[in-house]
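**Student:** Sequence first, predicted coordinates after that:
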Amino acid sequence: MEGETAGALIVGVPRESAPGEQRVAMTPDTVKRLTATGVVVRVEHDAGLASGHNDDAYVASGATIVPDPGPVYEAQVVIKVQKPDTTEAALLTPGTTLIALLQPMTNTELMREFAGRDITSFSMDAIPRTTRAQSMDVLSSQATVAGYKAVLMAAATLPRFFPMLTTAAGSIVPAKVLIVGAGVAGLQAIATARRLGAVVEAYDTRPVVKEQVESLGAKFVDIPVDTSDAQTAGGYAKELSAETLRKQQEVLADHAAKSDVVITTAAIPGRPAPRLISRETVERMRPGSVIVDLAAETGGNVELTQAGENVEHNGVTIMGQLNLPSTMPVHASQMYAKNIQNLLDLLIKDGKFDPDYEDEIVKGTVITRQGEIVHEMTRQRMAEAAEPSRQ
C-alpha cells in the first residue's frame, strides 16, 4: 500500500465485529511503539472509536488507516480481541499469524481450520500463569474490569444502600456481600465492595488466598474440604470432586441466604463453570437480593443463570451479563493492548516476526503452527471429546 516500506513486517488491527464488543486490540500508544521499530501497522477505520481512540490518534502514532477489513487481514500478523467469525476467518491467508482470545479448548473446529489452512495462531487466554508472564496475562487484566463492574451493577440494582449510614431518620445497616472465588475478579470485587462500604466475606478453594482476602478487609469463609489439587501446574483452576462441590454448596448456601449481594467468579478453562448456587439457595435469599454471575458465559455458577440476561426468581435478581470488560472499553482496551505489547516483545525482534518457539511463554500460547495443533491442553481436550465416539 502507498506509504508503506517495502519488505517491512505488516501488522493488522481490525474493528471488532462481535455483537457488543467495544474493545480494540491495540491503542495508539502501543501502535507507536511498533511503528518506531519499522513495523507497518494497518488499522481498520473506526476500530478504536468505541474505546476512545479516533483514526487521527492512530495516524499520529504512525499507523495506516484502511477503509475495510480486507487489507487488515492481508497483514502477516493480525491482532484481535475476539476470535474471528466465519467471514473474518475466511479473510485470513495461509501463512498469516493471528493473535486473539481464541478459547481454543472450546473452539476446536476453528483450531482445526486454522491448522488445515496453515495459519499460526496464538491465544491470549492461554498465557501461562507464571510470574514472568504476568505482564501478558489478559485473563487477569480483563478480570480486573469484570470484578469492578460486577459490584457497580449489583449496587445499582440492589434496592438498598451499600454503606452504613447514620441519619436523622435512623441508622441504616450496611449491605452484606458474598464473593465466591478470590482470583483477580473476586479480589477486585472485594476491594470495590469494601470501598462502597459493604460488609464483605469471600470464599475460594485455595486457602492460600485467605491472607489476600483479609488484607482487603473481608472475612474469609472456611470450608473444611480437601482442595490441595484445585489448580493445574499452569495456574488455572481444575474441576473438583463431586463430594467437594457438594460440601461447598452446603456452606455457601448458608452464607448466601444471609447476603444481600452474591458475586460468583468461579471458572475452569475449557469446562462448564462449577455449579455452586442452587435454585433452593436462591429461594432462601431475601427478596431484593442480587446475584451477579461472572461465569454466565460457560453455564454459570448459579443454577438459574441465563447467559446474557437478567432474571428474577422469588424477588432475587440473577444477572448473567456477558463480556463485562467490553462495557468499560477505554481501560479494558488499554490493559489488553499492553498485554499484547508485552507478548509482541517476545515475538517481534528488530522489526521482524521471529518467535523463539522453545520459550515457555511462546510455547504455552501458540495453538496452531505449521499445519498442526501444537497446544497440549487443546490436543488433550480434543482427544477427550473423541473418546465417546470410539466406544
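**Tutor:** Everything's here; your move.
**Student:** how far is the helix or strand containing residue 250 from where the chain is centred?
**Tutor:** Residue 250 belongs to helix 242-257 when assigned by DSSP states H and E. Relative to the centre of its chain, helix 242-257 is centred 26 Å away, using C-alpha atoms, centre = their mean, to the nearest Å.
**Student:** now do stretch 48-68
**Tutor:** 24 Å.
**Student:** still on that earlier bit, can you tell me what sits against the helix holding residue 250?
**Tutor:** By C-beta atoms under 8 Å, 6 or more residues apart in numbering, the residues outside helix 242-257 that reach it are 178, 180, 201, 203, 205, 221, 223-227, 240, 262, 274-278, 280-282, 284-285. All C-beta atoms are positioned from the backbone trio N, CA, C, and that covers glycine.
**Student:** hmm, 7 Å instead?
**Tutor:** 178, 180, 201, 203, 221, 223, 225-227, 262, 274, 276-278, 281, 284-285 (C-beta atoms under 7 Å, 6 or more residues apart in numbering).
**Student:** ok, now which ones touch the nearest residue to residue 356 once chain neighbours are set aside?
**Tutor:** Spatial nearest neighbour of residue 356, excluding adjacent residues (C-beta to C-beta, 6 or more residues apart in numbering): residue 362 at 6.0 Å. Taking C-beta under 7 Å, 6+ apart, we find residue 362 in contact with 346, 355, 356.
**Student:** Mind pulling the model confidence for residue 362?
**Tutor:** On the pLDDT scale, residue 362 is placed at 97.
**Student:** And for residue 388?
**Tutor:** Reported pLDDT for residue 388: 61.
**Student:** ok, the residue lying farthest from the centre of the chain to residue 53 distance?
**Tutor:** Of all residues in the chain, residue 168 has its C-alpha farthest from the mean position, at 44.5 Å, by C-alpha atoms, centre = their mean. Computed as C-beta to C-beta, to the nearest Å, the residue 168 to residue 53 distance reads 48 Å.
**Student:** same thing with residue 115?
**Tutor:** From residue 115 across to residue 53, the span is 34 Å (C-beta to C-beta).
**Student:** next one: phi and psi at the residue nearest to residue 356?
**Tutor:** For residue 362, the backbone dihedrals (degrees, to the nearest 10) come out as phi -60, psi -50.
**Student:** do the same with residue 165
**Tutor:** When read as degrees, to the nearest 10, the backbone of residue 165 gives phi -130, psi 140.
**Student:** Ok, residue 178 next?
**Tutor:** Main-chain torsions, residue 178, degrees, to the nearest 10: phi -110, psi 120.
**Student:** Please verify my assumption that it contacts residue 260.
**Tutor:** No. Applying C-beta atoms under 7 Å, one finds residue 178 not in contact with residue 260, separated by 9.0 Å.
**Student:** Just the ones in strands from the contacts of helix 242-257, please.
**Tutor:** 178, 180, 201, 203, 262 (DSSP state E).
**Student:** Enumerate every residue touching the second one.
**Tutor:** The one in question is residue 180. By C-beta under 7 Å, 6+ apart, the residues touching residue 180 are 203, 252, 262, 264, 265, 266, 276, 301.
**Student:** What residues are bridge-paired with it?
**Tutor:** Each beta-bridge partner of residue 180 is listed here, defined by DSSP bridges: residue 203, residue 264.
**Student:** which one of residue 115 and residue 53 has more residues nearby?
**Tutor:** Neighbour totals were compared for residue 115 and residue 53, and residue 53 leads with 25 against 19 (other C-beta atoms under 10 Å).
**Student:** Quick check: mean pLDDT of the helix holding residue 250?
**Tutor:** Taken as a whole, helix 242-257 has a mean pLDDT of 86.
**Student:** Likewise for stretch 140-159?
**Tutor:** 98.
**Student:** Spell out which helix or strand contains the spatially most central residue of the chain, please.
**Tutor:** Of all residues in the chain, the one closest to the mean position by C-alpha atoms, centre = their mean is residue 139, 4.3 Å from it. In this structure, residue 139 sits in helix 138-157 according to DSSP H and E.
**Student:** Residues contacting the helix or strand just after that helix, please?
**Tutor:** Following helix 138-157 in sequence order, the next helix or strand is strand 165-167 (DSSP H and E). Contact with strand 165-167 is made by residue 172, as judged by C-beta under 7 Å, 6+ apart.
**Student:** and the helix or strand residue 65 falls within, which strands flank it?
**Tutor:** Using DSSP H and E, residue 65 sits in strand 64-66. The strands that strand 64-66 pairs with in its sheet are strand 40-44 (parallel) (by DSSP bridges).
**Student:** Count the residues that sit near the closest residue to residue 344 other than its chain neighbours.
**Tutor:** Spatial nearest neighbour of residue 344, excluding adjacent residues (C-beta to C-beta, 6+ apart): residue 34 at 7.1 Å. Using other C-beta under 10 Å, residue 34 has 24 neighbouring residues.
**Student:** that older thread, the helix holding residue 139 packs against which elements?
**Tutor:** Contact analysis of helix 138-157 by 3 or more C-beta pairs under 7 Å, 6 or more residues apart in numbering; DSSP states H and E lists helix 184-195, strand 261-264, strand 290-293, helix 329-347 as its packing neighbours.
**Student:** Now distance to residue 72 and mean pLDDT too, for the ones you listed, in CSV please.
**Tutor:** Putting the helices and strands packed on helix 138-157 into CSV (distance: least, C-beta to C-beta, whole Å; pLDDT from 0 to 100) gives the following:
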stretch, distance to residue 72, mean pLDDT
helix 184-195, 31, 98
strand 261-264, 37, 98
strand 290-293, 35, 98
helix 329-347, 15, 98
